[in-house]
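1. Could you look at this predicted model? Sequence included:
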Amino acid sequence: MSSTAPTTAAPTPAAPTPTSTPEPAPAVLTRLVISLDDVSAEYTDHVDSIDYGNAAGAIALIESIAGAPVVTEVPQKAFTRYEWDGVQMVTSEAGQFIITIATSSVGAVPVQTAEGVAVGSSRADSVAAGATDGYDGNGDGVADSLHLGTREVPGTESLALPDAVGVEYVELRMDGDAVTHLVSPADDFHDL
């Protein structure tokens with residue numbers, strides 16, 4: 001009698017299970033920050049900073065949030081004004097810009113200075129963040145604007161203080177005790 005060994009079939013390899021890699025979440029713009037050096041867009045995973053010599057970049061940033069601006073050419077002054085709801089940007093032919101913010105948010109994106117001051121902040125909170133008295137337009141002893149982050153600009157002369165070096169700062173325009181506008185960069189050596 002012959003005996004045959006039982007045969008076993010080789011196991012069939014399992015088909016690989018398709019795996020899906022989740023798409024990374026898109027970066028979300030969480031805040032705009034106005035400083036004396038630049039305008040920064042803070043996203044959930046990175047920060048884009050646009051210095052005041054890059055008007056095209058700043059216009060593109062605000063357009064991405066607020067849509068197309070109203071554009072006004074002012075050739076006799078050699079500048080162009082771009083306006084959105086609560087935002088104004090004045091650009092020079094050289095590509096520099098000054099931004100004025102009159103809202104606490106552009107669309108759904110909050111806007112603050114690097115020190116945390118926003119439109120609607122109180123005078124006391126602004127001073128606590130480092131702001132100092134600026135221009136007192138009506139002479140009542142209460143500054144109509146505050147200066148934040150003030151620094152000297154060598155080679156300039158202040159128009160407000162004869163024989164003093166000019167300074168630049170983020171201007172906080174006030175209505176009573178509340179901030180109504182953020183303006184940057186502002187200075188005391190240009191005569192507008």
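-> That came in fine, so what should we check first? Numbers count the residues shown, from 1 in each chain.

2. got a list of what Thr180 touches?
-> Listed by C-beta atoms under 8 Å, 6 or more residues apart in numbering, the contact set of Thr180 reads 102, 119, 173-174. (Glycine included, C-beta is placed from N, CA and C.)

3. And the strands in the protein?
-> 29-34, 38-43, 47-51, 70-74, 79-84, 87-92, 97-101, 105-106, 109-113, 132-133, 145-157, 165-175, 178-187 (DSSP state E).

4. between the contacts of Thr180, which is nearest Glu23?
-> Val119 (36.0 Å; C-beta to C-beta).

5. circling back: make CSV from the strands of the chain and add mean pLDDT and distance to Leu61 to it.
-> Rendered in CSV, the data for those read as follows (pLDDT from 0 to 100; distance: least, C-beta to C-beta, whole Å):
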stretch, mean pLDDT, distance to Leu61
strand 29-34, 97, 8
strand 38-43, 97, 6
strand 47-51, 97, 6
strand 70-74, 95, 16
strand 79-84, 97, 11
strand 87-92, 97, 10
strand 97-101, 98, 10
strand 105-106, 96, 9
strand 109-113, 98, 10
strand 132-133, 94, 29
strand 145-157, 95, 21
strand 165-175, 96, 18
strand 178-187, 97, 14
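
6. Mean neighbour count, those: which tops it?
-> Highest mean neighbour count among those (mean count of other C-beta atoms under 10 Å): strand 97-101, with a mean of 22.

7. elements contacting it?
-> helix 55-66, strand 87-92, strand 178-187 (3 or more C-beta pairs under 8 Å, 6 or more residues apart in numbering; DSSP states H and E).

8. Can you tell me what sits against it?
-> 34, 39, 52, 54-55, 58-59, 86-91, 111, 119, 181-186.
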